[in-house]
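S.K.: Prediction below, plus the sequence it came from.
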Amino acid sequence: MTTTQAPRIVTVRQNILKANDHTAAGNRAAFRAAGVRAINLASSPGAGKTALLERTLRDLAGSVRMGVAVGDLATENDAARLRQWGSQAEQIVTGTVCHLDADMVQNILPRFDLDALDVLFLENVGNLVCPSSYDLGEAARAVLISTTEGEDKPLKYPTMFNTADVVVITKMDIADAVGFDRDLCRENIDRARPGVPVIELSSRSGAGLDEWFAFVRGESV
Amino acid sequence: MHEASIALSLIDVASEVLRENGGARASALTVRVGAWSSVVPEALTAAFPACAQGTPLEGARLSVVLVPGVGECPTHGPVTLDVRRGLRCPACGAPTPTLLQGDELELDEIELAEPELEDS
């Protein structure tokens, strides 16, 4: 009887995204060295990330030095929208990729003078699934949900909400008009990430922005 | 849909393991995907063969093991979670903020292919 060598099985147990996590750690170290608070903003398309950033850039222009790296599949429209408030905004066009990853952020960083910034916003591609897997090196992750979306979204996209450091409910000025169930939404957010701070605001009316600005400055959350 | 990106990262990690172990090709690999990883196993197995073309993983059999979420209930200890109910103990509804398992996205095992025998 001839002996055949058994197949060699190698036990690996390695994180598939370890290369991304390694680059993210480098980004995080760069932010820390420059004293920059990096904030990753994620939401579904149309939840109001860019509107909130516009309002933030406008209202905090005199007191916080801010920059934005904004990811989209195509177009430079968002960066152009954000630049009008005087802060540097750089577009990351991701092509067919539905999320920002740590490499994309690393590649855009040389365009910024990090020492001249207090806060760098990383506005992710509008998508509640894929961005959740990718650490960018941020200090904090803000996940937005608008009052026009279903209150069960936190349960439909548990990973995104479970990685949030703060959840922001946007478009509160039209909450009544669209029949938004505030208590149900907050309960579902708490199911997805028990104890996570929730900020309710309206970029249009300005309600709730003080709480958001405290988060931006790193004074809360 | 970021499973193609995940598949490419998987191939990078697996190729590195092959190099370290002196294997030219893999015949099979197993990945562990947590219920809270936001990766859809079917989409990953669908994307993998095309992404593996021209790499040492080409033709390798990909098995995905779905890892359920497990949380720690103050009363009931480790409990298996239902993703539709969130991080709540299924028995008493208490919050279970920390996932003990279920957020994995990892390459578990690789089966190295036998070197093909040269015909004389």
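M.R.: That came through, no problem. Because the structure is predicted, anything quoted here is derived from the model rather than measured. Numbers count the residues shown, from 1 in each chain, chains lettered A, B, ... in the order given.

S.K.: Of all residues in chain A, which one is closest to chain B?
M.R.: residue A:191 (2.8 Å; CB to the nearest CB). Just so you know, the C-beta spots here come from the backbone N, C-alpha and C atoms, and that holds for glycine as well.

S.K.: burial measure for the closest residue to that residue other than its chain neighbours, as a count.
M.R.: Of all residues not flanking residue A:191 in the chain, residue B:86 sits nearest, at 2.8 Å (CB to CB, 6 or more residues apart in numbering or on different chains). Residues within reach of residue B:86, counting by other CB atoms under 10 Å in any protein chain shown, total 24.

S.K.: Which residues of chain A lie near chain B?
M.R.: A:5, A:7-20, A:97-99, A:101, A:129-130, A:132-133, A:154-155, A:157-160, A:162, A:188, A:190-195 (CB under 8 Å from any CB of the partner chain).

S.K.: Show me what residue of chain B gets nearest to chain A.
M.R.: residue B:86 (2.8 Å).

S.K.: how about that residue, what does it touch?
M.R.: A:154-155, A:158, A:188, A:190-192 (CB atoms under 8 Å, 6 or more residues apart in numbering or on different chains).

S.K.: which parts of the helix or strand of chain A with the lowest mean pLDDT are buried?
M.R.: Lowest by mean pLDDT, DSSP states H and E among the helices and strands of chain A is helix A:77-83, with a mean of 90. By 16 or more other CB atoms under 10 Å in any protein chain shown, the buried positions in helix A:77-83 come out as A:78-79, A:82-83.

S.K.: out of the residues you listed, who's nearest residue B:30?
M.R.: Proximity of the buried residues of helix A:77-83 to residue B:30 (CB to CB) peaks at residue A:78, which lies at 40.5 Å.

S.K.: And the host helix or strand of residue B:48, what does it pack against?
M.R.: Residue B:48 is part of helix B:41-52, with elements assigned from DSSP states H and E. Counting contacts by 3 or more CB pairs under 8 Å, 6 or more residues apart in numbering or on different chains; DSSP states H and E, helix B:41-52 packs against helix B:3-20, strand B:26-34, strand B:61-67.

S.K.: is it possible to export the ones you listed to TSV including mean neighbour count, mean pLDDT and distance to chain A?
M.R.: Shown next, in TSV, are these (neighbours: other CB atoms under 10 Å in any protein chain shown; pLDDT from 0 to 100; distance: least, CB to the nearest CB, whole Å):
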stretch	mean neighbour count	mean pLDDT	distance to chain A
helix B:3-20	20	95	5
strand B:26-34	22	97	7
strand B:61-67	16	97	11
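
S.K.: Show me the shaky parts of chain B.
M.R.: Along chain B, the parts satisfying pLDDT under 70 run over B:1, B:116-120.
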